[in-house]
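**Q** Here is the input, now give the coordinates:
(2 chains)
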Amino acid sequence: MSSVIEVHGVSKAFRIPSVRRETVREHFLHALQPRRFERLQVLDRVTFEVRRGEGVGIMGRNGSGKSTLLKIMSGVYRPDEGAVIARAPVTPILELGVGWNAELDAVDNILLIGTVMGLRLAEIRAQMDEILAFAELERFANLKLKHYSSGMAERLGYSVAFKAVTDILILDEVLAVGDAGFRARCEQRYLELRGQGHTAIVVSHNPRIISTFCDRAMLIDAGRIVMEGSGTEVVERYSTMLAQGRHDPAAGGPPA
Amino acid sequence: MNGNPGSYLMPAAADVAPTRTTALGARAWRVRAGLIWTLVRTDFKARYHGTLGGFVWALGKPLTMFVVLMAVFSFLFAQKPTYKLDLIVGLFLWDFFADGTKTGLMSLAAKGYLLTKARVPPWILVVTSVSNALITLIVFSVVITVFLLAAGRPPSPAALVAFAGYACALLAIVIGFSLASSVLFLRYHDLNQVWDVVVSAGFFLAPIIYPLDILPERFHFYLYIWPPTPVIEFSRSALVRGILPTPTGHLYLAFDAAVCLAAGILIFVRLSPRAAEYI
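**A** Predicted coordinates for the structure are as follows:
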């Protein structure tokens, strides 16, 4: 089967200054004081490809570079080196709990997020009831987001995003939000999409999700892929790594 | 390390379905048009509480300024018969400049939550942020034209066309500034405070409440460097006095607007690809 998304030698580093200067005033007043910069290599020449219709899981400890990798694959971040070639539209489901226009109601926020995710206005309007029903927020459609709880806002985000999937789906810990009922609906929707032949890339710390919902998986540590295999194999290695409380020696780099 | 910047390629799904490339392109544009419309509409709604009354309320700010300034300064400049008309033209153009640049500066920070969710062209967030100020300016332009007609000083078609050109030049200046400042604000969090000071001082630097000719002519050149000045002066000349500025003047304004817009685009193109990392 042909590859639908290719990641070629992607590297990403962030420069962390010894002293943060975030204002014109600080830059002006401390212009003559030198600053040291520490280079934090978040991703180091990551290469892999995903074939059409595959479900690929990504595991790794906090700070290992998983979320940065997903953001680069979604086109939100730009890699320092390397390239991502997406041969089909990508729908990322990232950080959906945060960031809404608090002064607008759910319907307007859905229209805003939906168009950002690549849906046409007519498509969103046609599916508005379903989106609200999926999030169980029909009664609150005209309530401003500032009156929503964080859980309600999260459910709304996932509900829109799941409707927006046109081809490749990228999920960051998405199957771990909301109550048990909502999680079950998310998982069911995920399985439906996979059943329709959609490609999925899933980041999770949850062993059950990686071993159950992914055809294969990768383990990332210190910005490198240290292992590729079946979901179960990767989960096992990840658990061993966590139990030992150290970074994987195969990664070579410093602990994240 | 080869030093080459990384890239993200989405070749219009050509490898997947070559025959559907055009259709997908058209779809992408319809999605983009939907996004632009939604941003403009929701900005308007959030700002004016979705009512016409809210919009009229917003027009009250420059009108109140006009009434207060007119009450005080029309005595001072009593020898100038067109002072009131000059004042209102100046105030509304200034209001568009001040409001547009302030909203533009904050645009990426305010809508950054959209940038971190998916691949959105960030320029759309900046350019649409100016829409509210632009709507106010368009309404004002209609009002002032009606007012001039009622006052028995109908502006000639040439004057109206020239004014539309000046408004476009001011729009280009505001968009250029917004593009540059929106990405810089993500790096310098007090840039809005710095700009507030510039705007407060700039109100007096531009000849809004005083006629330009009260200053010695040798200073006029310096005042014309401040971008709102030529726009305000030329608009007054065309609308209120019915005199079109010289071709050199027009050339200067076109150059001014082109430089502001080009500088803004250059800074934006350089800094915006990493904008999401600063949110």
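**Q** What about the residue of chain B found nearest chain A, how many residues nearby?
**A** At 2.4 Å from chain A, residue B:113 is the closest residue in chain B, using C-beta to the nearest C-beta. Heads up, the C-betas are built off the backbone N, CA and C, glycines and all. Residues within reach of residue B:113, counting by other C-beta atoms under 10 Å in any protein chain shown, total 18.
**Q** Where does it sit: helix, strand or coil?
**A** helix (DSSP: H, G, I helix; E, B strand; the rest coil).
**Q** Surely residue A:127 is in contact with residue A:163?
**A** Yes: between residue A:127 and residue A:163 there is a contact at 5.4 Å, judged by C-beta atoms under 8 Å.
**Q** in the chain, which helix or strand is least confident?
**A** No chain was given, so I picked chain A. Using mean pLDDT, DSSP states H and E, helix A:24-29 stands out as the lowest-scoring helix or strand of chain A, at a mean of 85.
**Q** tell me the contacts of residue B:212?
**A** Residues counted as contacts of residue B:212 (C-beta atoms under 8 Å, 6 or more residues apart in numbering or on different chains) are B:220, B:223, B:229, B:233.
**Q** Chain neighbours aside, what residue packs nearest to the first one?
**A** The one in question is residue B:220. Distances taken as C-beta to C-beta, 6 or more residues apart in numbering or on different chains place residue B:212 nearest to residue B:220, at 6.4 Å, with adjacent residues excluded.
**Q** any idea of the mean pLDDT in the helix or strand residue B:104 falls within?
**A** Assessed by DSSP states H and E, residue B:104 sits inside helix B:83-110. Mean per-residue pLDDT for helix B:83-110: 93.
**Q** So which other helices or strands are in contact with it?
**A** With contacts taken as 3 or more C-beta pairs under 8 Å, 6 or more residues apart in numbering or on different chains; DSSP states H and E, helix B:83-110 sits against helix B:52-76, helix B:122-129, helix B:131-150, helix B:157-187, helix B:191-205, helix B:228-239.
**Q** circling back: quick one: buried ones out of the contacts of residue B:212?
**A** Buried by 16 or more other C-beta atoms under 10 Å in any protein chain shown: B:223, B:229, B:233, out of the contacts of residue B:212.
**Q** Quick check: the first one vs residue A:122, distance?
**A** From residue B:223 across to residue A:122, the span is 51 Å (C-beta to C-beta, to the nearest Å).
**Q** again, but for the second one
**A** The gap separating residue B:229 from residue A:122 is 46 Å, by C-beta to C-beta.
**Q** And for the last one?
**A** Applying C-beta to C-beta, one obtains 47 Å for the distance of residue B:233 from residue A:122.
**Q** dump the residue contacts of the residue lying closest to residue B:103 once chain neighbours are set aside.
**A** Using C-beta to C-beta, 6+ apart and skipping the chain neighbours, the partner closest in space to residue B:103 is residue B:129 (4.9 Å). Applying C-beta under 8 Å, 6+ apart to residue B:129 gives the contacts B:39, B:43, B:103, B:104, B:106, B:107, B:110, B:111, B:178, B:182.
**Q** For residue B:45, see how far away residue B:129 is.
**A** Relative to residue B:45, and taking C-beta to C-beta, residue B:129 is found at 14 Å.
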